[in-house]
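S.K.: Fold the stuff below for me.
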Amino acid sequence: MCDKILNKSSGSFLWVRLILQEFENVWTEEAMDQFLSEVPEGLNDLYLKMVNSIEMKKSMMPLAKSILTWVVTACRPLTLDELRCAVKLDLNQTLQNLAKAVPSICGQLVFIDQSDRIHIIHETAREFLRAKNAYSELSFEKKQSHTHIGSSLLRYLSAVPIKSDERPSHLREKLPRFASRTNSMPHDTSLVDYACKFFSEHIHSCSLREDDLMGEISTFLKGNSVLSWIEYIAGCNDLSNITKSGMNLRIYLGRRAKYVPPTDPSFHIIEDWVTDLIRVAAKFRTQLLAHPNSIYTLIPPLCPPDPIISKTFTKSSHLAVKGLPAGTWDDCLSRIDFAHDRITAVGHGEKYFAIGFSTGKILLYDSSFLRLLITLPTFERVKSLKFSHDDQ
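M.R.: A predicted model of the protein is given here:
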């Protein structure tokens, strides 16, 4: 039997693994021979056989589609609790006993690791489900799946309270009502961490022809939910997610611009918030990391009067600040003084920047936090600094 399996595997360890897993439910040598004679040789044909097996359970198809869409498209492996919440958002159905339900619904296309996180069986399976010529109800287009998940996460963040007990009482608002499936959205916070950290990554990769998504981004940014999101990210002690989200939204707007009229109000709301997210994370880094809930009443009135964060939230603050310069943000995010050193070179990458001195010293900083990471001594004047594409 081992020789038969190896001969048919064409050297694919994954194919052998999948066949051996199928053999766990086969108890006679004759049944093994019959199964082996029927199983396809190539991985894609084997995946198609798995998909066809799932599609035979018509009542399970919506669940299978939802699970596979999230597992394949997610930016990191989801936990069982996160997946349960995600399926609830899609179908308004609550999965029970996910450790047994997920393998039963999706077969061998997914597996659960020891940390209770769900993975696609292999990268080739991910590519198979995203293939444009896949003739299956379970297949999906990459950009559309990112659009769907990005939209779901935005509605989720707008509807589910994030650390509501820490909000000032005058900022606690009733949950907004959304159409259809979002009306019955549960207050399950299992997906909050993933939604806060990765919603903008899905927007970055979404379809640009979807008009509804821009409105949902605008709705999220106009309400108090955006402050709750900033508070949550600051509470994780890493403001780079705020900066990264601003950059992702900027890229989305740049590509989306040709599909919307120049007077579109949602476009301008998002455009204004892109600037504010990057500036607030840089200007108020120390305050946000020390007191994340300062974003509600302390930071907005300390911003210049023209930015959208100031216009939207200063009125709800009990703090009045006089003497602020008129207008919007200036060009200076931060200032670093080197009183006794002469700077001779500056270079930057995606995440870091470096400063070189005439004494031969090089200082490396984290560009998100403006934090000194390391001092590199050299033995001669620094003339130029350059980073590779991967910040090396």
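S.K.: Which stretches in this structure count as strands?
M.R.: Here the chain has its strands, by DSSP state E, at 78-79, 110-112, 117-120, 343-348, 352-357, 361-366, 371-377.
S.K.: With respect to residue 240, which of those lies nearest?
M.R.: strand 361-366 (8.3 Å; C-beta to C-beta). Backbone N, C-alpha and C define where each C-beta goes, glycine included.
S.K.: ok so, going back, may I see the strands of the chain organised as TSV, with mean neighbour count added?
M.R.: Output for the strands of the chain, formatted as TSV (neighbours: other C-beta atoms under 10 Å):
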stretch	mean neighbour count
strand 78-79	20
strand 110-112	18
strand 117-120	19
strand 343-348	15
strand 352-357	19
strand 361-366	16
strand 371-377	10
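S.K.: can I get the ones you listed in a markdown table with mean pLDDT and distance to residue 281?
M.R.: Listed next are the strands of the chain as a markdown table, based on pLDDT from 0 to 100; distance: least, C-beta to C-beta, whole Å:
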| stretch | mean pLDDT | distance to residue 281 |
| --- | --- | --- |
| strand 78-79 | 96 | 26 |
| strand 110-112 | 88 | 36 |
| strand 117-120 | 92 | 29 |
| strand 343-348 | 90 | 17 |
| strand 352-357 | 90 | 16 |
| strand 361-366 | 89 | 12 |
| strand 371-377 | 87 | 13 |
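S.K.: Using CSV, lay out these together with distance to residue 55.
M.R.: As requested, these are arranged in CSV below (distance: least, C-beta to C-beta, whole Å):
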stretch, distance to residue 55
strand 78-79, 23
strand 110-112, 16
strand 117-120, 18
strand 343-348, 51
strand 352-357, 49
strand 361-366, 49
strand 371-377, 52
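S.K.: Would you mind telling me which of these is nearest residue 202?
M.R.: Closest approach to residue 202 among the strands of the chain (C-beta to C-beta): strand 78-79, 13.1 Å.
S.K.: what lines up beside the closest one in the sheet?
M.R.: strand 117-120 (antiparallel) (DSSP bridges).
S.K.: Centre of the chain to the partner strand, how far?
M.R.: Taking C-alpha atoms, centre = their mean, to the nearest Å, one finds the center of strand 117-120 at 16 Å from the center of the full chain.
S.K.: just stretch 209-222 next, same as before
M.R.: Distance, stretch centre to chain centre, for stretch 209-222: 16 Å (C-alpha atoms, centre = their mean).
S.K.: mean confidence for that stretch?
M.R.: Stretch 209-222 carries an average pLDDT of 91.
S.K.: in it, what's buried?
M.R.: For stretch 209-222, a neighbour-count test (16 or more other C-beta atoms under 10 Å) marks 210, 213-221 as buried.
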